[in-house]
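Asks: please work out how this folds:
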Amino acid sequence: MAPDQVRIYEIKRIDVEGALVIDGFPSVGLVSSIVANYLIDTLEMEQIGIVESPAFPTVSLVRNGNPQHPVRIYAGHPPADRAGRGADKIVAFVSEFHPAPTIIHPLATSILDWVQEQRCSMLVSPEGLVVEAAAPPPRAGRAPRLNDVKVYGVASTRKARELYVEPNMIPFAEGVITGIAGVLLNEGRRRGFDVLTFLAEAQADYPDARAAAKVIETINRILLRTPLDPVPLYAEAERIEQQLLSIQRHAADRTRGESVTQPSPPMYR
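Replies: Got it, this is the predicted structure:
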């Protein structure tokens with residue numbers, strides 16, 4: 001396999017036609033990874049596949065005695081609200097590691113190829129937006145105020161912009177979106193496929209659980225409409241944040257020749 005080649009392997013074949021797809025690769029403030037892992041855990045999603053490339057980290061994440069690939073695909077059926085609205089299928093691509101720059105474009109296009117082949121309905125990339133006015137994290141003992149965090153949106157198609165972005169959040173009119181999300185938006189526009197990016201104000205120099213919690217709240221309100229309890233949302237996002245930090249720290253130790261076999265608590269099912 002060439003260094004920049006990407007392959008998707010399905011380990012369990014299920015019907016995901018019409019599913020909402022979440023991009024869970026690390027972003028500013030680890031927003032994407034926290035969002036994806038929260039949904040995987042809370043909605044009890046099951047692993048259905050992996051993404052493979054020689055460019056990915058040579059690591060195995062061991063959870064409950066089972067080795068896990070660094071890039072995984074999960075799927076599930078979120079509960080509907082009383083009116084029966086919202087997505088009835090959800091898929092999440094998730095990783096704890098930043099992809100190398102050379103693999104970002106082939107990775108994003110391979111994901112979108114798979115999403116279209118499976119006839120999924122749309123793809124959402126949660127992101128952190130670095131702004132000088134972003135509020136600092138709450139001090140210990142102080143309840144977080146999610147209303148302080150603004151969420152911006154951009155869509156690859158006019159239909160998605162008019163349906164989901166303009167009525168529900170501040171349109172992201174000017175700026176730069178990099179990485180996986182940027183390529184997905186460009187490819188979505190070229191192909192006429194609905195790709196949405198929700199950007200929450202976040203800090204650039206540390207994981208921002210509050211920004212991730214606000215994006216989760218936004219995705220649920222607009223697209224999923226599940227009866228998720230918003231009260232523990234921030235605490236759970238913060239727990240996932242700490243575990244992602246632990247994984248990344250151990251991986252960094254590995255590059256320095258130190259041991260990375262320290263056990264850590266389970267993060268998701």
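Asks: for residue 68, what are phi and psi?
Replies: As for residue 68, its main-chain torsions (degrees, to the nearest 10) stand at phi -120, psi 140.
Asks: give the bridge partners for it, please.
Replies: residue 61 (DSSP bridges).
Asks: can you tell me how far it sits from residue 237?
Replies: The span separating residue 68 from residue 237 equals 21 Å under the rule CB to CB, to the nearest Å. (C-beta placed from N, C-alpha, C; glycine too.)
Asks: more neighbours: the two, which one.
Replies: residue 237 (27 against 17; other CB atoms under 10 Å).
Asks: mind listing what that one touches?
Replies: By CB atoms under 8 Å, 6 or more residues apart in numbering, the contact set of residue 237 is 34, 38, 209-210, 212-213, 216.
Asks: swap the cut-off to 10 Å and go again
Replies: Applying CB atoms under 10 Å, 6 or more residues apart in numbering, one finds that residue 237 lies in contact with 30-31, 34-35, 37-38, 144, 207-217.
Asks: could you do residue 157 as well?
Replies: Counting by CB under 10 Å, 6+ apart, residue 157 makes contact with 122, 163, 188-189, 191-196.
Asks: can you check residue 30 too?
Replies: Listed by CB under 10 Å, 6+ apart, the contact set of residue 30 reads 37, 96, 98, 128, 202, 206-209, 211-212, 237, 240-241, 244-245, 248.
Asks: what about it, which SS state?
Replies: The three-state assignment at residue 30 reads helix, by DSSP: H, G, I helix; E, B strand; the rest coil.
Asks: could you report the pLDDT at it?
Replies: We have a pLDDT of 85 for residue 30.
Asks: likewise for residue 254?
Replies: Predicted confidence (pLDDT) for residue 254: 56.
Asks: now do residue 57 against residue 99, distance only.
Replies: Taking CB to CB as the criterion, residue 57 is separated from residue 99 by 9 Å.
Asks: can you pull out the helices in the stretch 151-269 of the chain?
Replies: With DSSP state H, counting those that start in this stretch applied, the stretch 151-269 of the chain shows helices at 158-160, 179-191, 209-219, 233-255, listed in chain order.
Asks: dump those to a markdown table, plus distance to residue 11.
Replies: Compiled in a markdown table, these are given as follows (distance: least, CB to CB, whole Å):
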| stretch | distance to residue 11 |
| --- | --- |
| helix 158-160 | 30 |
| helix 179-191 | 22 |
| helix 209-219 | 26 |
| helix 233-255 | 21 |
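Asks: most neighbours per residue, which of the ones you listed?
Replies: Taking mean count of other CB atoms under 10 Å as the contact definition, the stretch among the helices of the stretch 151-269 of the chain with the greatest mean neighbour count is helix 209-219, which reaches a mean of 27.
Asks: elements contacting that helix?
Replies: Using 3 or more CB pairs under 10 Å, 6 or more residues apart in numbering; DSSP states H and E as the contact criterion, the elements in contact with helix 209-219 are helix 31-42, strand 122-130, strand 151-155, strand 195-202, helix 233-255.
Asks: let's go with 6 Å and repeat that
Replies: In this structure, helix 209-219 packs against helix 31-42, strand 195-202, helix 233-255, with contacts taken as 3 or more CB pairs under 6 Å, 6 or more residues apart in numbering; DSSP states H and E.
Asks: give me the helices and strands touching the shortest one, please.
Replies: Put plainly, it is strand 195-202. Under the contact criterion of 3+ CB pairs under 6 Å, 6+ apart, strand 195-202 touches strand 122-130, strand 151-155, helix 179-191, helix 209-219.
Asks: for residue 19, which of those is the nearest?
Replies: Across the helices and strands packed on strand 195-202, residue 19 has its closest neighbour in strand 122-130 (8.9 Å, CB to CB).
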